[in-house]
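Q: Fold the following, please.
(one chain, ligands or ions: 1)
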Amino acid sequence: MIMSRFWSPVVHSLSPYVPGEQPKQDGIVKLNTNENPYPPSPGVLAAIASATDRLRLYPDPRASALRETVAAHYGVAPEEVFVGNGSDEVLAHTFQALLKHDAPLLFPDITYSFYPVYCGLYGISYEEVPLDAAMRIEIADYRRPCSAILLPNPNAPTGIGLPRKAIEALVAEHPDRLVVIDEAYVDFGAESAVPLVARHDNLLIVQTLSKSRALAGLRVGFAIGQRPLIDALERVKDSFNSYPLDCLAIAGAVAAITDDAWFQETRQRIMASRQSLIRALSELGFEVLPSVANFVFARHRSHSGADLATRLRQRGVLVRHFQKRRIEDFLRITVGTEEQCSRLLALLHDLV
Ligand SMILES: Cc1ncc(COP(=O)(O)O)c(C=O)c1O
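A: Numbering: from 1, shown residues only. Alright, predicted model coming up:
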């Protein structure tokens, strides 16, 4: 391992996040990073093209046009919206601005693997709360001393969702603890907790345009919460980078949120493909968790996850496999186009 005496002490202890593979060669069926298989709204490309006139200038540091668009779409005030360079950046600022306290932060043992990475970066203590035997988040298990609670809904990589009523019970039960809900995949069939924000000052919702709006490459995420929470994020952001969103990203994101017809059509297609994929995988002998996301989490009754992932890769199909206790036999498979799903299923048919 490379090291240097010039490193700040914290660098030695970091365990950086490892993103899913982005292959260079063409022709790979990419079902490993939960991207949208369809392109973004054509309006996004037109908006980006016309924004190029402004490349000479710094972008709006407040990204007001985007905050107003998000606010209007979700029925909140622009001051209740924070935007950032992908929801990863929004989450990073959340960890630093709102989740660093004396007691540990709680999140599930099986969840988005960036959470412990941010804890390492910012020196935040945390406890992992085990999912139950059915791989579900059990709200009652979060009744323990903590500084805050962070849950993805639906959870990743399981794809299992929690009803809004359960989130509301959690938020009401912990009025002096911040509850952060990461809704990266919420548009594929889960219930958003955004309507609860008006009633609860301890709730922050984080969303992304990378998945349901097909803009992973543009890097846009946002948070919705009451004003003091948003002000904390703004303070950290303005102590870090005044312009996290460039003018092309702001223009493209506004256009994506505005084109509701495109959004509805593509997400419905993905949800329909997911149900066919779940049925077909079950027929091939997989146990598939009940997903409300744009991916499924499945294990075969007689083949190891690592082995299947390797064999699929050799045949040009990438899926995600995690070498982690409890889930080492699972594959996380992004719902692709109908053709991509058929290719995956044809290969699995020969392999299992
Ligand atoms: C649960 C979850 N949250 C947040 C993100 C980050 O998404 P982005 O930074 O692209 O907005 C991801 C990405 O895969 C995710 O799975």
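Q: switch to C-alpha atoms for all contacts and neighbour counts from now on
A: Noted.
Q: can you list the residues of this protein near the ligand?
A: Listed as neighbours of the ligand in the chain under the rule Cα under 6 Å from any ligand atom: 86-88, 112, 152, 156, 182, 184, 208, 210, 216, 221.
Q: with those in mind, which one is nearest to V18?
A: Of all the residues of the chain next to the ligand, V18 sits closest to Y112, with 11.5 Å by Cα to Cα.
Q: Hmm, the closest one is touching T158, no?
A: No: look at Y112 against T158 with Cα atoms under 8 Å: they stay out of range, at 9.8 Å.
Q: So for those two, which residue has more residues nearby?
A: Shown here are Y112 and T158; by other Cα atoms under 10 Å, T158 has more neighbours (26 against 17).
Q: what does the model give the more buried one for pLDDT?
A: Per-residue pLDDT puts T158 at 98.
Q: which residues does it contact?
A: 111, 135, 289, 291, 296-297, 332 (Cα atoms under 8 Å, 6 or more residues apart in numbering).
Q: and those residues as TSV, adding pLDDT, secondary structure and neighbour count?
A: Listed next are the contacts of T158 as TSV, based on pLDDT from 0 to 100; DSSP: H, G, I helix; E, B strand; the rest coil; neighbours: other Cα atoms under 10 Å:
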residue	pLDDT	secondary structure	neighbour count
T111	98	coil	21
M135	97	coil	16
L289	98	coil	18
S291	98	coil	25
V296	98	strand	27
F297	98	strand	26
R332	98	strand	27
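Q: wait, which of those residues is closest to A280?
A: Among the contacts of T158, and counting by Cα to Cα, the member closest to A280 is V296, at 11.9 Å.
Q: My read is that that closest one contacts E287, right?
A: No: in this structure, V296 is not within contact of E287 by Cα under 8 Å, at 10.3 Å.
Q: Give me the common contacts of these two.
A: Contacts common to V296 and E287, judged by Cα under 8 Å, 6+ apart, are absent.
Q: What about the residues of the chain next to the ligand, which are in strands?
A: Assigned to strands by DSSP state E, the following of the residues of the chain next to the ligand qualify: 152, 182, 208, 221.
Q: Please list only the buried members of these.
A: 152, 182, 208, 221 (16 or more other Cα atoms under 10 Å).
Q: Surely the third one is in contact with F222?
A: Yes: counting by Cα under 8 Å, F222 is a contact partner of T208 at 6.2 Å.
Q: overlap in contacts of those two?
A: 86-87.
Q: Could you pull out the helices in the stretch 1-150 of the chain for me?
A: For the stretch 1-150 of the chain, helices defined by DSSP state H, counting those that start in this stretch occupy the ranges 9-13, 42-51, 64-74, 86-98, 114-122.
Q: Identify the residues contacting the third one?
A: Contacting residues not belonging to helix 64-74 are listed as 77-83, 194, 250-251, 253-254, 257-258 [Cα under 8 Å, 6+ apart].
Q: Please repeat the previous calculation with a cut-off of 7 Å.
A: With contact meaning Cα atoms under 7 Å, 6 or more residues apart in numbering, helix 64-74 is reached by 77-78, 81-83, 250, 253-254.
Q: Kindly reformat the residues you listed as a markdown table containing pLDDT, distance to D231 and neighbour count.
A: As requested, the contacts of helix 64-74 are exported to a markdown table (pLDDT from 0 to 100; distance: Cα to Cα, whole Å; neighbours: other Cα atoms under 10 Å):
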| residue | pLDDT | distance to D231 | neighbour count |
| --- | --- | --- | --- |
| A77 | 98 | 13 | 16 |
| P78 | 98 | 12 | 18 |
| V81 | 98 | 10 | 28 |
| F82 | 98 | 9 | 28 |
| V83 | 98 | 12 | 29 |
| I250 | 98 | 20 | 24 |
| A253 | 98 | 22 | 28 |
| V254 | 98 | 22 | 19 |
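Q: mind listing what the residue in the stretch 101-250 of the chain that the ligand sits nearest to touches?
A: Residue of the stretch 101-250 of the chain nearest the ligand, by Cα to the nearest ligand atom: T208 (4.3 Å). Counting by Cα under 7 Å, 6+ apart, T208 touches 86-87, 184, 220-222.
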